[in-house]
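S.K.: just the structure for this:
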Amino acid sequence: MTCAGIDVAKGHLDLAIRFDSADVETRRFDNNSDGIDQLKELLCEAEPDRVVLEATGGYERPVSAVLAADGLPVAVVNPRQTRDFARATGRLAKTDEIDARVLALFGERIQPEIRPAPSEDQQTFSALVARRRQLQKMKTAEQNRLGTAPSEAVRADIEEHLSFLEERLAETERQIKEAVENSPLWREEEELLCSIPGVGETTAHVLMAELPELGEANRQEIAKLVGVAPLNHDSGKHRGERCTWGGRASVRRALYMAALSATRHNGKIRSFYERLVERGKAKKKALVACMRKLLLIMNTMMKNGTHWNPEYQTSSA
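M.R.: Predicted coordinates for the structure are as follows:
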């Protein structure tokens, strides 16, 4: 097996190609269009079974998109996984070249799943949804500062900034809705998700943008991706309490608000929540269980292309 690892930095790309003989070839390229093209040509010649990159806050997207578009098997992985893997194999030092070598070895030993690159429209839509979240955070921060503004001059400045943020939020919302309106597929997905009592357009847009596996993955996989799958903590005779951990925080936050609304306005979710509480389950844990149930219902609906049906959806999820 031939595997490649690419350590992505703002200014450069470190490549390590690990061949069957365990020989490793390393190169550095500039992180620009010319450097990415040179890297792609070298990888096309090597024909690796996997090209592994870490998710580095967006810097990995241009290179991963170019490589995937050329048919290379790209896997973008969580940096925490690769760092834990490096420690487990005794690689405690950290440089860009070492990280690239670790990624190549990670690809060979772990063989992470290769996922298709998102389309340009999907990337744009995801960026808009993320931008809305950023603007909302800035707005909340400024509103909190407004209450403790020490002078009229500062208050006036904060109010002016709030007005600007309101305008940008409105424009971002308009662009998101326009993107959905221009896509028959996204219109259908939004309609399916919003047919569930408790799920609004904002939640639907987050799921559509940041959980593209919805409707494609099975129930266990989708719960782990979001971070609502109960994980065992057992050792020997000890049986620890199962808890949820990891996953996509932005999706989980949106799902939390949807589940909270569903416990009030969705009869099936409300009765499920009340049964858990009556059995002695803590309210917060019962709400997490509702999040998981709601997610599985959504996954089934998206997979089958069906609208909300209380009887059918709860039994199939």
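
S.K.: how much space between the spatially closest residue to residue 46 that is not a sequence neighbour and residue 104?
M.R.: Of all residues not flanking residue 46 in the chain, residue 17 sits nearest, at 5.3 Å (CB to CB, 6 or more residues apart in numbering). Quick note: C-beta positions are derived from backbone N, CA and C, even for glycine. Counting by CB to CB, to the nearest Å, the separation of residue 17 from residue 104 is 7 Å.

S.K.: show the backbone phi and psi for the residue nearest to residue 46.
M.R.: For residue 17, the backbone dihedrals (degrees, to the nearest 10) come out as phi -110, psi 120.

S.K.: pretty sure it is in contact with residue 25, am I right?
M.R.: Yes: with contact defined as CB atoms under 8 Å, residue 17 reaches residue 25; the gap is 4.7 Å.

S.K.: who has more neighbours, those two?
M.R.: Neighbours were counted for residue 17 and for residue 25 using other CB atoms under 10 Å; residue 17 has more, 23 against 13.

S.K.: please report how far the more buried one lies from residue 59.
M.R.: Using CB to CB, one obtains 21 Å as the distance from residue 17 to residue 59.

S.K.: thinking again about what came up before, which neighbours do residue 17 and residue 104 share?
M.R.: Residues touching both residue 17 and residue 104 (CB atoms under 8 Å, 6 or more residues apart in numbering): 3, 4, 24.

S.K.: and the second one, helix, strand or coil?
M.R.: For residue 4, the secondary structure call by DSSP: H, G, I helix; E, B strand; the rest coil comes out as strand.

S.K.: what residues are bridge-paired with it?
M.R.: Beta bridges link residue 4 to residue 17, residue 51 when assigned by DSSP bridges.

S.K.: what sits against it?
M.R.: Applying CB under 8 Å, 6+ apart to residue 4 gives the contacts 15-18, 43, 46, 48, 50-52, 103-104, 107.

S.K.: try it again with 6 Å
M.R.: 17, 48, 51, 104 (CB atoms under 6 Å, 6 or more residues apart in numbering).

S.K.: try the last one
M.R.: Residues in contact with residue 24 (CB under 6 Å, 6+ apart) are 16, 18, 101.

S.K.: so the first one versus residue 38, what's the distance?
M.R.: Between residue 16 and residue 38 the distance, using CB to CB, works out to 15 Å.

S.K.: kindly report the same for residue 271.
M.R.: The value you get for residue 271 to residue 38, if CB to CB is used, is 60 Å.

S.K.: can you give me the strands in the chain?
M.R.: All strands of the chain, identified by DSSP state E, fall at 3-8, 12-18, 24-30, 50-54, 74-77, 234-235, 238-239.

S.K.: tell me which of those strands sits nearest to residue 176.
M.R.: Checking the strands of the chain against residue 176 by CB to CB gives strand 74-77 as the closest, at 24.0 Å.

S.K.: average pLDDT across the closest one?
M.R.: The average of the pLDDT scores along strand 74-77 is 93.

S.K.: parallel or antiparallel, which strands does it pair with?
M.R.: Using DSSP bridges, the strands paired with strand 74-77 are strand 50-54 (parallel).

S.K.: the strand it pairs with - what's its average pLDDT?
M.R.: 95.

S.K.: what angle separates it from strand 3-8?
M.R.: Counting by axes from the mean of the first three to the mean of the last three CA atoms, to 10 degrees, strand 50-54 lies at 20 degrees to strand 3-8.

S.K.: find the nearest non-adjacent residue to residue 50, please.
M.R.: Once flanking residues are discounted, residue 50 sits nearest to residue 107: 4.1 Å by CB to CB, 6+ apart.

S.K.: that neighbour contacts residue 51, correct?
M.R.: No: using CB atoms under 6 Å, residue 107 is not in contact with residue 51, being 7.5 Å away.

S.K.: got any residues that touch both of these two?
M.R.: Taking CB under 6 Å, 6+ apart as the contact rule, residue 107 and residue 51 touch no residue in common.

S.K.: flag the shaky bits of the chain, pLDDT-wise.
M.R.: Where the chain drops to pLDDT under 70, the residues are 21, 231-235, 237-242, 245, 312-317.
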